[in-house]
Structure formats: structure tokens, C-alpha cells
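Undergrad: Task: produce atomic coordinates for the following.
(2 chains)
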Amino acid sequence: MINTQIFKHQLIHLMRVSFLLFFTFSTLFAQSIAIKGGRIITITGPVIEKGTIIIDGGIIKDVGLNINIPHDAKIINASGKVIMPGLIDAMTYYGIDPKDLNESIKTISPELRIIEAYYPFGKFGDGTGEIKANDLLSGGITTIYIAPGDATILGGQGAIVKTAASTFDKMVVRAPAAIDITLGSKPGKLNRKENRTPVTKMAAVSQLRDTFIKAQEYQNIKDNPVRDLSMEAMNLLLERKIPARIQANGPGDIRTAMNLADEFNFDLIIDGGASSDTYIDELADKSISIVLGPVSHPYISGEEIPDLSEYPTVDEGLAGRLHKAGIKVAFGSFSYGLGSLAKGITGKWLLIDAAITTGYGMPEDAVLRSITLSAAEILDVDDRVGSLEVGKDADIIILDGDPLSIKTWVERVYISGKLVYTKK
Amino acid sequence: MGPFLFLKNIMKNIIHKNSIILFILLSFINSQTIAIKAGKIYTAEKERAYNNGILLIKNGKIVAVGKNIRIPNKAKILDYSNYEIVPGFIDNHSHIGTPPEDLNEFPVVFGPQHKIIDILSPDKTYWEKAYKGGVTTVVTGPGSGEVSSGQAVVIKTWGGRIEERVLLEKGGVKIAMGGKRSSPKTSMAVTSFLREKFIKAKEYEKRIIEWEKGKKDSPAPEKDLALEAFAEVLSGKDRIRSHVHSAHDILSILRLKDEFNFDLTLHHSTEAYKVPEEIAKRNVKVVGMPLFSRIGISDSVMYTGKIMNEHGILFAFHTDDPVVSSKWQRGNAGMGIRYGMTEQAALEAITINPAIIANVSDRVGSLKKGKDADFVVIDGRWYEPKSRIEKVYINGMEVYNRERTKN
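TA: Prediction:
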């Protein structure tokens, strides 16, 4: 009897303590943050010298020169630093085991969802359980697009995720985000090795066309008794709920991509776009955006050195020329990101790629916009990320100097107002 | 446009049909003294840089460099007051000048007699990416498919015939440490294979010497060009360039050096940062990873330059073109600065240090009286990716002009 009494007492005490703890922590969590004194590159407005950003509840509450700082706000001194929105790597295969990238025996698989292969938990059976892409965070990358591999013609549905979050669900910004298609010779080459169709580009296009027509027919059947997941995914395209991202580097492939978009009236984003000079006016007229590959490196992606006619030599000037023609440009690392399996340049180096293009005709403000807001607009997530504007997610990076200098390091990264990376 | 095109055609004809006239014409232009004024001149000599400096050149050579230099009355003056000038960059390990398929005689594993000079193309498309990026001298050589793939050459990236451009024909014999072939398969088998070849080369040399001592009375020993190449390394006429990545392979090649005493430079040197004391002790030179490729290079490797500097090891960067395009050699130095090297040390790592390693520092590698007038004019900090190279000079001749070429 007495024992239960004591137990009861202890229990009540424990509950009181834990309530108190919970209360303190929740107020701590809800506490607003003021990042003060830095040079703020908002992307949308003019640069603010010695400005302040207020973060509350993971959202940007205010940004400006003389703004009210809540009395209970935690103040972060950023004087002498540069503050800008988290960067966006608009094309990666990050966090996906290479064996999970390509369902290579099936050439056209719109029903596949890359989010189901996404593994942002570090090494299998190892690590702390943090959901974090530390290598990308060290380069200031806060949002990435992840795609199914480019070894098949239509690999499936890509997704947009953040590079750190408290739970997996919070990490996902949008899924599905686009349908990923690959033109060019890579799928055909692999098929030739495996002795299966399509081997030629014309067969590839014809099979794609076939798929689009079937999707149109599927769309026209009312009250379909049998669900077809691949057709449902294609209908997202036809209804223009999501765009198609077509990897096209050769001039012929770019032409094919534009023709398909005209034929079936879907939204198109060109990935790679190495030879887009050939159709620069047409691309501009049609407002087709381009996600460029790593500008300083001849090897873009894939298991082997790709066909050099499709991936021409280093072209640092392409971004500047596209920008001048009025075409919206983002950058993609096209990289894998699993340790030593990493192929291509990881997104961590996005700022250096950006810096290179400025030497070759891309204005500095335009290139900073490219890797933030333009990328967000192309991916259609600019309501949440891409600039330091009131109401957007507090995805913020603090740098120790000019973002476009090779000497500059990312010192801190905030995602949804939470400090997720600090430089050692 | 009309007269310009006409002139261009005449020039073309002259170039194609009568290069001797052109050469005389050029040498005439070249014999004039040129005074180059620049906002900043980095000489790559020990900590020597001049604000508002002057570089005086004549006949393709540097006559003077400094701050208070008297400019001769008849000198032509070039004003680069808003620019930086640095010595022409030197890339100590490159594969330019030939199509990539000609680089490896695999599956032959032992071919030190192969010479890259035999196949270098005069076609400028192979070279222009280098001089456009400020690289004025390269050590270009065969690949790393074989255990020993052949001999490199030290050559300028621009100038007359290939033969005229060569600074040093014996650019080093390439070997590749580490197991990656079907045979010899393992790291230890590769090292053992090389040990045997060095012993055979020693014996070969001995046979030749004895034959020469015997006043060549007996029939000459059978020629073996492969062993001869290794024998030249052993007698100090040539050097070893060793492709090597892992620390244990670095230790193996150092052990071979201890046994056979040859001049050695490590190339790529991925894990040199793990064994710097062993490298320093033997006065071995290190050519470090092309950091600007940024592919699969961990932060530890990124700090290689800094660590080598701290241990007093002579250190240079290379592009390994096509791994990094020749034109981004200065990007490697930029990454070196990012990862802890001083600006001076990083500049030395792409100018004077690779020149010393290549045995051509009497001609190139720094801006010093008597050396070749090879230099680069840049519109901002020389190591920043966003700066652009405006002009490149080799032997006092403007070989690249950004404005004129429009890219």
C-alpha cells in the first residue's frame, strides 16, 4: 500500500518535471532567431548591408535594415559575413544506391518513383540516424532535385527534397516533381549490349510517342475500371501538373524534345543542354528553361565517359549566352552522392561553377539568382525556397566572404530555421 | 570588312606558303624592346611581387623586371595597369598534343622505350586550350595503363615546329605503381616487376660499359631500348615519374629509390599527405592531384599542398589533362589556396616548382632577367575562377588575346 503511494507520488513528480522540461524546450524551439549585421543578398531585392533577418517557426518573418527584433529573439551576430538563400542543385542522383537507379530491363517506366529509392540516412547500418546530407550542406546546398537514372528512356518520377530535416516527411518538398526522360545515345548503347530494343534514337522517340498516345487514350476513358499507374503518371504530364525533364545534349536531341513537347503539349525542362546554342532563339521563344551540367568539367554523368559529341568540351560561356538570350538557367551537378561511388562533381561545388561562368559573360547577380531563385522557379517551388523573402522557408546560408570567390567557405546552414551545419 | 578579309587572306597565304618570311618578320618585331606596365607583377621568385611594376622584354627574353626600371626611348609600351601579371603556368603532368587513344600501349606492360615526342601533333587544336589558360610549358607524356608506359617531354605549348618547341627531350620515364592490371596483378607484383627491371637495366648498363672498356673488340651487346631507358634513369640522364595513389605504393617506390638511387617525382600522389616525413627525408618531389576536378577528392587530399609545404617538399600541381582541362591549371592553385596554401606557395606550385621538377627552371617558371618572356595577363586576382585571362605571351609573342578571339 505504502509502496504504491510512493510510486504514485514519484510518478506525479516525474510528470511535473517532464511537463516543465517539455514546456521549456517547446518555448526554446519556438524562440525566434535574428541574424544580424551581415551583408544580405536577398536575390529579389537590392543587397542589404548590415541587415537583419528574423526567423520564426522555421519561416522568414522579416528582412531589412531597420527592423524590430523581438525581445526574446536569439541573436546571431553575422557582421562581416555574407548571407544568402540556401542553394539549389537542380539535378542530382544523390542519395540513391547506383543499383537502384535504373530499372534497365524496362525502357519506359513512368510509374517508378525515385523517392522510394531515396536514402538520406548515411551508410547502411551505420551513423547517427540523422537525416542529413553533410557533404552537400558544406557547399550550402539546401534543396536538391533527385532523378531516376539516365540509362533508360523514361526512368520515372523525380522528386525535390531538402538536404536536412528532422523527419523524412519534412524533407520532401515535392514528389512527384517531374517525369525524367533521357534522349541521346546512352540508353540505346546499353540496349545494344543487352540485345534489346530500342537501339536507335528513332525507335526511342517512337516508343515515347506511343506512350504519350496511350496516355491520351487513357485520359479519354471515363470511369476507368482498371487503374494503370504508368498512365496515371503520364496524365500528370498531359494535364500539366508536372513538367517533363528531358536530358538532351546533342542538337538533334534538343530538337526532338521541343517537338515532343509541341506534339503532346506538356511543360518541358531541358537537362544538360550542351548544344542549346543551335536552338537558342527557339528555346527563348518557347520559354523553355535549361538545367546545365557542371560547367568546368567535361564528364557529366553516368558510369562511363559519355559520347563526346553529345557532351562537348568544357563550355564556360554557355550559361552567359543563354542568359543573354533570355532563357532561364539553373545548374545541376548530375552527381551521385554515395561516398566513393560519387560520379561527377558533387553539388557541394555549385558556387565555384557559378563563379567560373561569371568570367565568361554571366553577370554575377544573374548567376546567384540561377542557383537559387531561378532553380526554384524552374522546379516550381519558388513559393517556398530560393530567396530571402518574408513567408518563405528559412533556408539560409552564412558565408565568410564573396560567394563567388574560391577562398570563401560556407560557415553555417539553416534549413527551416534550424541550424543544420556549422563549419569545423 | 572587305579590306580586312583581303588582308586576312594575304596573311593566310603567307603563313601557309612561306612560313620562313613570316618567321623573319616575327623575329624583326621581336627584336624591339617592349615595356609592360602592370598593376601588379608576381615574379614567382621568392616572395617577389611589384605593385605598378615594369617588365622589360627583348628578343623573346626578359631583360628586366621590377619597379624603378628605366624604359628605353624606342621601347614599345604596353599598359596593363588594371591587370595582374604572372609567369606563364607550367603543367608538370599532362597528356595533350595527341589523341587519347594513342596514350596507352596496353596490354603491353613494359614500354619505357616509347616516346611521346614521336607522336606529338603540331595541330594547334591540341594545344590551344593550354595556352588560352595561361599554360605556356607542359610536360606531356604517355598514360598509366602500363607499369612503364614511356618517356615524357618538356615542351612549350606554342611556337614553331614541335622540335623547336622542345625545352628538354628527356622529360622523365613514366611508371605506374599499384595493382590494376591482369598481370602483374597485385601492388607487390608491380613493385617486384619493377625491381627486376631495374636489376636487368643495371646488368645491361654493365655489359655496355665492359664492352666499351674492352675497346669494342667483341661483338656489341644486343640493343634493348626498354632497358636502355631504365639504364639512363640509373645513370642520372633521365628521371622517374611515378604515377602513385595509395600510401603503401608510395612507400614501395621510395623503397625502390633507396635500392637503386634514381631521381624521383611522385605524380597524382593522392595519399602523400599520409607519409610526408618519408617523402621529405629522401628529397623526393611531389606533383599533387588536379584539385579543380573536384571529383571524389576528399578534404584530406585537398590539403596535400599545405602539408607538403609544411614538410619542405617541392610541390607542384598538374591538370592530368583530360582529367582537368589544361586551361584550369590556375584553378588547381586556387583550390590549393582555399585549402590552406599561401598565395605565393600556390603560385610557385604552378610556375617555378614544376619548372624545377622538369629541369627547365633556367629557361622558364619565373619572371627573372634572362628567362623566356612567357607570361599571363589577368583581369583580376590570378587564382579566382571569375577572373579572366586577357593575354598570354610565349617567347615575347602575344599568342592569345581574349578581345581578338572573342572567347
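
Undergrad: drop to CA atoms for contacts and neighbour counts, all remaining ones
TA: Will do.

Undergrad: What number of residues are in the vicinity of residue B:70?
TA: 11 (other Cα atoms under 10 Å in any protein chain shown).

Undergrad: swap in the one 3 residues further on?
TA: Residue crowding around residue B:73 was assessed by other Cα under 10 Å; the count is 8.

Undergrad: Tell me the spacing between it and residue B:33.
TA: Distance from residue B:73 to residue B:33, counting by Cα to Cα, to the nearest Å: 9 Å.

Undergrad: So in that sheet, which strands flank the helix or strand hosting residue A:330, and in what orientation?
TA: Element membership for residue A:330, per DSSP states H and E: strand A:329-331. When pairing is defined by DSSP bridges, strand A:329-331 lines up against strand A:289-292 (parallel).

Undergrad: Show me what secondary structure element comes after the partner strand.
TA: Per DSSP H and E, the helix or strand that comes after strand A:289-292 is helix A:318-324.

Undergrad: Now that following helix: average pLDDT?
TA: The average of the pLDDT scores along helix A:318-324 is 96.

Undergrad: Show me which positions of it end up buried.
TA: A:318, A:319, A:320, A:321, A:322, A:323 (16 or more other Cα atoms under 10 Å in any protein chain shown).

Undergrad: separation between whichever residue of the stretch 301-407 of chain B sits closest to chain A and residue A:351?
TA: Residue nearest to chain A within the stretch 301-407 of chain B (Cα to the nearest Cα): residue B:386, separated by 4.3 Å. Remark: distance between residue B:386 and residue A:351 (Cα to Cα) = 11 Å.

Undergrad: what sits in contact with each of the two?
TA: residue A:404 (Cα atoms under 8 Å, 6 or more residues apart in numbering or on different chains).

Undergrad: can you count the residues close to residue A:202?
TA: Using other Cα under 10 Å, residue A:202 is surrounded by 11 other residues.

Undergrad: How is residue 266 assigned, secondary-structure-wise?
TA: I went with chain A, as the question did not name one. Following DSSP: H, G, I helix; E, B strand; the rest coil, the label given to residue A:266 is coil.

Undergrad: wait, chain B
TA: Applying three-state DSSP: residue B:266 is strand.

Undergrad: was I right about it contacting residue B:245?
TA: No - when contacts are counted by Cα atoms under 8 Å, residue B:266 is not listed as touching residue B:245 (9.1 Å).

Undergrad: quick one, which of these two is more surrounded?
TA: residue B:266 (25 against 19).

Undergrad: Quick check: pLDDT value at that one.
TA: At residue B:266, pLDDT is 98.

Undergrad: Just list whatever residues bridge to it.
TA: Bridge pairing for residue B:266 - DSSP bridges - gives residue B:242, residue B:286.

Undergrad: Also residue B:156?
TA: residue B:137.

Undergrad: hang on, it packs against residue B:131?
TA: No - if you go by Cα under 8 Å, residue B:156 and residue B:131 don't touch, sitting 9.1 Å apart.

Undergrad: Report the closest residue of the stretch 1-150 of chain B relative to chain A.
TA: residue B:129 (10.1 Å).

Undergrad: just checking, what packs against the helix or strand hosting that residue?
TA: Assigned by DSSP H and E, residue B:129 belongs to helix B:128-132. With contacts taken as 3 or more Cα pairs under 8 Å, 6 or more residues apart in numbering or on different chains; DSSP states H and E, helix B:128-132 sits against strand B:389-394, strand B:397-401.

Undergrad: just to revisit the earlier point, where does the residue of the stretch 301-407 of chain B closest to chain A land in three-state SS?
TA: Applying three-state DSSP: residue B:386 is coil.

Undergrad: what about it, how many neighbours?
TA: 25.

Undergrad: same thing with residue B:225?
TA: The burial count for residue B:225: 13, using other Cα under 10 Å.

Undergrad: Hmm, it is touching residue B:113, no?
TA: Yes - Residue B:225 is in contact with residue B:113 according to Cα under 8 Å; the separation is 5.5 Å.

Undergrad: which residues does the residue nearest to residue A:162 when sequence neighbours are not counted contact?
TA: Once flanking residues are discounted, residue A:162 sits nearest to residue A:143: 4.3 Å by Cα to Cα, 6 or more residues apart in numbering or on different chains. Contact analysis of residue A:143 by Cα under 8 Å, 6+ apart lists A:86, A:87, A:88, A:89, A:160, A:161, A:162, A:163.

Undergrad: Residue in chain A with the shortest distance to chain B?
TA: Residue of chain A nearest chain B, by Cα to the nearest Cα: residue A:359 (4.3 Å).

Undergrad: any idea how far residue A:354 is from the closest residue to that residue other than its chain neighbours?
TA: Leaving aside its sequence neighbours, residue A:359 sits nearest to residue B:386 (Cα to Cα, 6+ apart; 4.3 Å). Residue B:386 sits 9 Å away from residue A:354, taking Cα to Cα as the criterion.

Undergrad: Pull up the overlap in contacts between these two.
TA: Shared contacts of residue B:386 and residue A:354, counting by Cα under 8 Å, 6+ apart, come down to residue A:404.

Undergrad: pLDDT at the most centrally placed residue in chain A, what is it?
TA: Centroid-nearest residue in chain A, with Cα atoms, centre = their mean: residue A:144, separated by 2.1 Å. At residue A:144, the pLDDT value in this model is 96.

Undergrad: on that earlier part again, hmm, residue B:389 and the residue of chain A closest to chain B touching each other?
TA: No - Residue A:359 is not in contact with residue B:389 according to Cα under 8 Å; the separation is 9.1 Å.

Undergrad: Could you report the separation of the nearest residue to the residue of the stretch 1-150 of chain B closest to chain A once chain neighbours are set aside from residue B:96?
TA: Residue nearest to residue B:129 in three dimensions, not counting chain neighbours: residue B:327, with 5.5 Å by Cα to Cα, 6+ apart. Separation of residue B:327 from residue B:96 (Cα to Cα) stands at 11 Å.

Undergrad: Same question for residue A:65.
TA: 53 Å.

Undergrad: Show me which of those two is the more surrounded one.
TA: residue B:96 (28 against 15).

Undergrad: My guess is the more buried one contacts residue B:143. True?
TA: No - Residue B:96 lies out of contact with residue B:143 (Cα under 8 Å); the separation is 10.8 Å.

Undergrad: quick one: the helices in chain A?
TA: A:2-30, A:134-137, A:168-171, A:186-194, A:201-220, A:229-238, A:251-264, A:280-285, A:318-324, A:350-359, A:364-369, A:375-378 (DSSP state H).

Undergrad: now for those, which one comes closest to residue B:109?
TA: helix A:186-194 (28.8 Å; Cα to Cα).

Undergrad: now what about the closest one, what contacts it?
TA: The contact list for helix A:186-194 (Cα under 8 Å, 6+ apart) reads A:150, A:151, A:152, A:153, A:197, A:198, A:199, A:200, A:201, A:204, A:306.

Undergrad: For it, give the mean pLDDT please.
TA: 85.

Undergrad: Distance from the chain centre to that helix, please.
TA: Computed by Cα atoms, centre = their mean, to the nearest Å, the separation of helix A:186-194 from the middle of its chain amounts to 28 Å.

Undergrad: now the angle from that helix to helix A:201-220?
TA: Orientation of helix A:186-194 against helix A:201-220 (axes from the mean of the first three to the mean of the last three Cα atoms, to 10 degrees) gives an angle of 110 degrees.

Undergrad: Which parts of helix A:186-194 count as buried, going by neighbours?
TA: A:186, A:187, A:188, A:190, A:191.
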